[in-house]
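Participant: this one's sequence-less:
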């Protein structure tokens, strides 16, 4: 019998709109400015489930064209997650390098 040795990344926290706060729609150009990524990178991350999905507010769903917006609070949450993840990775790297230094 084979064992499943797949390593699963910890589940990322999901955005929850604070009670009483109304969502604010923002356009792609502002999303690009807030996250410092271009349209193609945003699209790639979205397809992989690593970026908040846009909301089509006009046009026919499933067809090209129409107006797509994002919820500002979701984008801000994503940015904070990126900062936390990268700082955590850096901390782990520094800890690992310190441990290696102890064994030299």
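Facilitator: Now that the structure is in, tell me what you want to look at. In this text the structure is predicted, and so the values were computed from the model without any measurement. Numbers count the residues shown, from 1 in each chain.
Participant: only C-alpha atoms for contact and neighbour calcs from this point on.
Facilitator: Fine.
Participant: what are the ranges of the helices in this structure?
Facilitator: 28-35, 39-47, 72-102 (DSSP state H).
Participant: Figure out which of the ones you listed is closest to residue 12.
Facilitator: helix 72-102 (8.6 Å; C-alpha to C-alpha).
Participant: returning to what we had before: next, format the helices of the chain as CSV and append mean pLDDT, mean neighbour count and distance to residue 62.
Facilitator: Shown next, in CSV, are the helices of the chain (pLDDT from 0 to 100; neighbours: other C-alpha atoms under 10 Å; distance: least, C-alpha to C-alpha, whole Å):
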stretch, mean pLDDT, mean neighbour count, distance to residue 62
helix 28-35, 98, 14, 18
helix 39-47, 97, 14, 15
helix 72-102, 86, 13, 22
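Participant: now the ones you listed in JSON lines, with distance to residue 64?
Facilitator: Below are the helices of the chain laid out as JSON lines (distance: least, C-alpha to C-alpha, whole Å):
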{"stretch": "helix 28-35", "distance to residue 64": "15"}
{"stretch": "helix 39-47", "distance to residue 64": "14"}
{"stretch": "helix 72-102", "distance to residue 64": "23"}
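Participant: Residue 17 is nearest to which of those helices?
Facilitator: Of all the helices of the chain, it is helix 72-102 that lies closest to residue 17, at 7.6 Å by C-alpha to C-alpha.
Participant: Quick check: closest non-adjacent residue to the residue nearest the centre of the chain.
Facilitator: Central residue of the chain (C-alpha atoms, centre = their mean): residue 51, 3.9 Å from the mean position. The shortest distance from residue 51 to any non-neighbouring residue, by C-alpha to C-alpha, 6 or more residues apart in numbering, is to residue 45 (5.3 Å).
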